[in-house]
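Student: Give me coordinates for this.
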Amino acid sequence: MFGGFGGALKGLGSKAESLLDKKKKEVEQLVDDKSKKTADLLEEQAKKTGEALEEAGKEVVGTLAGAATDVKSTAEKELADSLAAAERELDEQATAAGKKVDSTISAGQQKVEGTVDAVSKAVDSKLQEADKFLDDKRNDVKDAIVESGKKIGEGKDAALAKATGALKF
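Tutor: The predicted model follows:
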């Protein structure tokens, strides 16, 4: 009675063991397949992540290059604006200095011209005084000569009259 049951159990045990071995192999195969798929998936994801990071890096580099170009352009523009402002300031200062020099020269010329005019007037005045003085002296000399001539003429007349009276015989 138990012999058949024991044999059946023994057959059942063999079948169970065979089934377990089969299932174990299927599970191992499934684990290997899943492990391989997982490794392939992880490898693909790592590749995609690397590509995404590379693309993002290129975008960041491009953005940084664009920013650097913008900064350079802005710096060049600001430098050009600063140089233009400095040039305008120098031009204004040079113009102001030129005006001051012109003003100083003009004032100096006016002083020189004023001095020349004053000297010219003084010389003219002295020449007029000298001319009047010489005219007066010439007139005085002429008057003295005329007066001397009259006296000589009177003296001659008187000497002649005396001589006429002395020669009367």
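
Student: Now do the helices in this protein.
Tutor: 2-166 (DSSP state H).

Student: center of it, which residue is that?
Tutor: With distances taken as Cα atoms, centre = their mean, the residue of the chain nearest its centroid is residue 86 (2.5 Å).

Student: got a list of what that residue touches?
Tutor: The contact partners of residue 86, taken as Cβ atoms under 8 Å, 6 or more residues apart in numbering, number zero. C-beta: built from backbone N, CA, C; applies to glycine.

Student: Next one: it from residue 106, what distance?
Tutor: Per Cβ to Cβ, to the nearest Å, residue 86 is found 30 Å from residue 106.

Student: same thing with residue 84?
Tutor: Residue 84 sits 32 Å away from residue 106, going by Cβ to Cβ.

Student: Mind exporting the C-alpha coordinates of stretch 142-158 to CSV?
Tutor: Only the C-alpha atoms of stretch 142-158 are listed here, as CSV (Å, rounded to 0.1, in the frame of the first residue of the first chain):
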residue,chain,number,x,y,z
LYS,A,142,66.2,186.7,-38.0
ASP,A,143,64.9,189.5,-35.7
ALA,A,144,68.3,189.9,-34.1
ILE,A,145,70.0,190.0,-37.6
VAL,A,146,67.4,192.5,-38.8
GLU,A,147,67.9,194.5,-35.6
SER,A,148,71.6,194.3,-36.0
GLY,A,149,71.3,195.3,-39.7
LYS,A,150,69.2,198.3,-38.6
LYS,A,151,71.7,199.3,-36.0
ILE,A,152,74.5,198.8,-38.6
GLY,A,153,72.5,200.9,-41.0
GLU,A,154,71.9,203.6,-38.3
GLY,A,155,75.5,203.4,-37.3
LYS,A,156,76.6,203.7,-41.0
ASP,A,157,74.3,206.6,-41.4
ALA,A,158,75.7,208.2,-38.3
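
Student: Quick one: mean pLDDT for it?
Tutor: Across stretch 142-158, the average pLDDT comes to 79.

Student: Ok, stretch 65-80 next?
Tutor: Per-residue scores along stretch 65-80 average to 89.
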